[in-house]
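Engineer: Output the structure for:
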Amino acid sequence: MVHQLKVAVPGQGLHEITGDVQDAVRRSGLSEGLCTVFIRHTSASLTIQENADPSARHDLEQWLNRLVPENDPHFTHTIEGPDDMPSHIKAALTSTSLSIPIVEGRLGLGSWQGIFVWEHRRGRGTRSVLIHLAG
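Structural biologist: Numbers count the residues shown, from 1 in each chain. Okay, here's the model as predicted:
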């Protein structure tokens, strides 16, 4: 079964969706199986990361911005602004899908792991995430 999740993002950064994905697993009634999460965009990605201390998310975002800075004079794909091409590169370097085991009706995440939409554009918007559950 497939669920579509609309995620409102206020701008660049990591935005947690663990609860929404877990709700889809709970509603499915599966006790064991696999949860695949897929983002339907080329300028945002998904990651499993620490969800306890927000400074970890902040540091990841700052590191990626240093790795792929805006206003690189070699970029030609800039029609939507200085964050346009960097957002595509960041999405290419990270993940567009995640696979998480379902164990005893819950996501098999570790104690401090959360699922995040990693928005690479500066503007606010809505991202579409598909959740596929099989068991």
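
Engineer: what's the lengthiest strand in the chain in contact with?
Structural biologist: Of all segments of type strand in the chain, defined using DSSP state E, the longest is strand 125-134. The contact list for strand 125-134, computed with CB atoms under 8 Å, 6 or more residues apart in numbering, reads 1-9, 17, 21, 24-25, 28, 30, 33-41, 44, 46, 102, 117, 119. In this view, the C-beta of every residue, glycine as well, is placed from N, C-alpha and C.

Engineer: Show me those that map onto helices.
Structural biologist: Per DSSP state H, helices hold the following members of the contacts of strand 125-134: Val21, Ala24, Val25, Ser28.

Engineer: How far off centre is stretch 4-23?
Structural biologist: Mean C-alpha position of stretch 4-23 versus that of the full chain (CA atoms, centre = their mean, to the nearest Å) differs by 7 Å.

Engineer: Show me which parts of that stretch are buried, residue by residue.
Structural biologist: 5, 7, 9, 12-18, 20-22 (16 or more other CB atoms under 10 Å).

Engineer: which of those residues sit farthest apart?
Structural biologist: Of all pairs drawn from those, the greatest distance, 25.0 Å, lies between Gln12 and Gln22 (CB to CB).

Engineer: Tell me which other helices or strands the longest helix belonging to the chain touches.
Structural biologist: Using DSSP H, we find that the single longest helix of the chain is helix 54-67. Counting contacts by 3 or more CB pairs under 8 Å, 6 or more residues apart in numbering; DSSP states H and E, helix 54-67 packs against strand 13-16, strand 44-50, helix 84-93.

Engineer: Just put those in CSV and tack on distance to Gln62 and mean pLDDT.
Structural biologist: Formatted as CSV, these follow (distance: least, CB to CB, whole Å; pLDDT from 0 to 100):
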stretch, distance to Gln62, mean pLDDT
strand 13-16, 10, 98
strand 44-50, 14, 98
helix 84-93, 13, 97
